[in-house]
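Asks: The following comprises the amino acid sequence and a computationally predicted model.
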Amino acid sequence: MVGVVSPRPEREVEILHVVPGRLRLRVLGEEPGTVLKAVTPQLRKQVGVREIRTNEQIGSLLVTFDTNQLSLAQLF
């Protein structure tokens, strides 16, 4: 039996805006809502994350966080 590998679409994340304590991203590629649903619970677990807002239709993700508890680098 020969295995078939289905190609996975490339997914990129674009940083739209960053200020201390606030980060807005956009997921590019096919099905951004699927990516947001997978990423959001992981972000919510991080100490210092205050709020996460998503728009699955356009792939937008807004994260507000406490800069005394969490740095931008720690989000990823």
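Replies: Happy to help now that I have it. Residues are numbered from 1 along each chain as shown.

Asks: can you give me the strands in this structure?
Replies: 12-19, 22-28, 49-55, 60-65 (DSSP state E).

Asks: okay if I get the ones you listed as TSV plus mean neighbour count and distance to L43?
Replies: C-betas here are computed from N, CA, C, even on glycine. Rendered in TSV, the data for these read as follows (neighbours: other C-beta atoms under 10 Å; distance: least, C-beta to C-beta, whole Å):
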stretch	mean neighbour count	distance to L43
strand 12-19	11	12
strand 22-28	18	10
strand 49-55	14	6
strand 60-65	19	6
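
Asks: Reformat those strands as JSON lines; add distance to L72.
Replies: Supplementary listing: the strands of the chain in JSON lines, determined by distance: least, C-beta to C-beta, whole Å:
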{"stretch": "strand 12-19", "distance to L72": "7"}
{"stretch": "strand 22-28", "distance to L72": "7"}
{"stretch": "strand 49-55", "distance to L72": "12"}
{"stretch": "strand 60-65", "distance to L72": "8"}
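
Asks: Output those strands as a markdown table; include the columns mean pLDDT and distance to V35.
Replies: What follows is those, written out as a markdown table (pLDDT from 0 to 100; distance: least, C-beta to C-beta, whole Å):
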| stretch | mean pLDDT | distance to V35 |
| --- | --- | --- |
| strand 12-19 | 93 | 8 |
| strand 22-28 | 95 | 5 |
| strand 49-55 | 97 | 10 |
| strand 60-65 | 97 | 9 |
